[in-house]
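Asks: below is the sequence, then the predicted model.
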Amino acid sequence: MKKVIYYGKVPIGGNNKVTVQSMTNTLTRDHVQTIKQIIELEEAGCEIVRVSVPDSDSLKAIDRIKRKISIPLVADIHFNYKLALDVLDTQIDAVRLNPGNFPKQYLKKVVLKAERNQIPIRIGVNSGSIDKKILKKYGNTPEALVKSAVQYVDYFESNGNNKIVVSVKSSNVVDTIEAYRLADKKIKYPLHIGVTEAGTYIRGAIKSSVALGILLNDGIGDTLRVSLSSHPVKEMAIAYQILKSLGLRKGGINIISCPTCARTCIDIISISEEIESRFGQISDDVTIAVMGCVVNGPGEAIHADIGIAGNPDGTGTLFEKGKIIKKIQNPKIEFLKILENFLISRNSN
Ligand code: SF4
């Protein structure tokens, strides 16, 4: 079990739940837009948020942002040791840096000050920024990523800093899995898992689901980010679906919808999509079935709380917990209304 590190009040590691993170893509110095995006992320379930701090104006925005949000704020800093030192005087909850980007004498100042100010640091090693000597010896491999990370962990510890979270991300799924498996054996601090530069919405979601799914199922990973070349809010749904698929989070609707075939009697695709868009954000733990025909309908979806199956005449059969309730004439309109009332009545009970 990993050591527990706190980002603000949020624990990472130990037996704590795997937390979901994201990163803003607004200009951090534009605190108004950045706060707006963080609040959107919070509403979508983001539990820790990171902002880039590339300049002194962004640094000045940190405390203003912090005052308006309720989730922990992490500063992402590269190359500029002065910014890394100065951000430790703000209300920031944690800092992410790649120690390889700082000259040793300056890194030491950051490590000592972070310890003094009790601010955790995520040592974020990526395949693109492995320590040069290690890279020469091991090539760009998962082993090199982990050796690089372990070297920095040792350095932090030797300077009395053990408020550390570690990531060893690669843009390659297989390398990411291997790197985190190795890191899990060698590092006692919490692991922030993710596939770096995972790509566009669909490709990135799939790469992240495969890598994070395998790792989490093996009990590896204490906090995660799904990185997408897309609006950061979209990362939330993927992250939560990964966790829910593995039983690591509960809540929110689960839609069981059939893939459709020649037997399909009702418009499964549009009904399912409408359910997703209207009820996708609710936190109720409810399973909804949308099945194209009665042949496999209620039977296959017997565990659904509520569902519909198409009839050959285009009507629908409404069922609850596998029990047929009634026939409905206009499957899409009526079922959505029935579903809405069903969700309201569950909440009022
Ligand atoms: S539930 Fe019916 S319509 Fe849907 S895929 Fe199965 S057989 Fe086809």
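Replies: Thanks, I have the structure now. Residues are numbered from 1 along each chain as shown.

Asks: ok, the nearest residue to residue 15 once chain neighbours are set aside - contacts?
Replies: On the basis of Cβ to Cβ, 6 or more residues apart in numbering, the spatially nearest residue to residue 15 that is not a chain neighbour turns out to be residue 1, at 6.9 Å. Bear in mind the C-beta positions are built from the backbone N, C-alpha and C, glycine included. Each residue near residue 1 by Cβ atoms under 8 Å, 6 or more residues apart in numbering is listed here: 13, 14, 15.

Asks: what of residue 286?
Replies: Residues near residue 286 by Cβ under 8 Å, 6+ apart: 253, 254, 305, 306, 343, 346.

Asks: and with 10 Å instead?
Replies: The contact partners of residue 286, taken as Cβ atoms under 10 Å, 6 or more residues apart in numbering, are 251-255, 279, 304-306, 339, 342-343, 346.

Asks: swap in residue 218?
Replies: With Cβ under 10 Å, 6+ apart as the criterion, the residues that contact residue 218 are 177, 180, 181, 184.

Asks: same check, this time on residue 177
Replies: Remark: with contacts taken as Cβ under 10 Å, 6+ apart, residue 177 is in contact with 142, 170, 193, 195, 210, 211, 212, 213, 214, 215, 218, 220.

Asks: my read is that the fourth one contacts residue 213, right?
Replies: By that I understand residue 195. No: the pair residue 195 and residue 213 fails to qualify as a contact (Cβ atoms under 10 Å) at a distance of 11.2 Å.

Asks: those two: which is more packed in?
Replies: It is residue 195, of residue 195 and residue 213, that has more neighbours when counted by other Cβ atoms under 10 Å, with 26 against 16.

Asks: rewinding a little: so how far is residue 125 from the residue nearest to residue 15?
Replies: Distance from residue 1 to residue 125, counting by Cβ to Cβ, to the nearest Å: 22 Å.

Asks: what residues does the stretch 201-349 of the chain have near the ligand?
Replies: Selection of the stretch 201-349 of the chain residues close to the ligand by Cβ under 6 Å from any ligand atom yields 258, 259, 260, 261, 263, 264, 291, 292, 293, 295, 296, 297.

Asks: the third one touches residue 268, doesn't it?
Replies: Yes: at 5.1 Å, residue 260 and residue 268 qualify as touching, with contact defined as Cβ under 10 Å.

Asks: those two: which has the busier surroundings?
Replies: Neighbour tally, residue 260 and residue 268, criterion other Cβ under 10 Å: the higher count belongs to residue 268, 23 against 16.

Asks: got the contact list for the residue of the chain found nearest the ligand?
Replies: Proximity of the chain to the ligand (Cβ to the nearest ligand atom) peaks at residue 292, 2.6 Å away. By Cβ under 10 Å, 6+ apart, the contact set of residue 292 is 257-269, 271, 308-310.

Asks: pLDDT below threshold where in the stretch 101-250 of the chain?
Replies: Counting by pLDDT under 70, the stretch 101-250 of the chain shows no low-confidence range.

Asks: so which residues of it form helices?
Replies: Under the criterion DSSP state H, counting those that start in this stretch, the stretch 101-250 of the chain contains helices at 104-116, 132-138, 142-158, 173-186, 201-217, 233-245.

Asks: CSV please, covering the ones you listed and showing distance to residue 56.
Replies: As requested, these are exported to CSV (distance: least, Cβ to Cβ, whole Å):
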stretch, distance to residue 56
helix 104-116, 17
helix 132-138, 29
helix 142-158, 26
helix 173-186, 34
helix 201-217, 32
helix 233-245, 28
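
Asks: out of those helices, which comes closest to residue 41?
Replies: With Cβ to Cβ as the measure, helix 233-245 is the member of the helices of the stretch 101-250 of the chain nearest residue 41 (6.0 Å).
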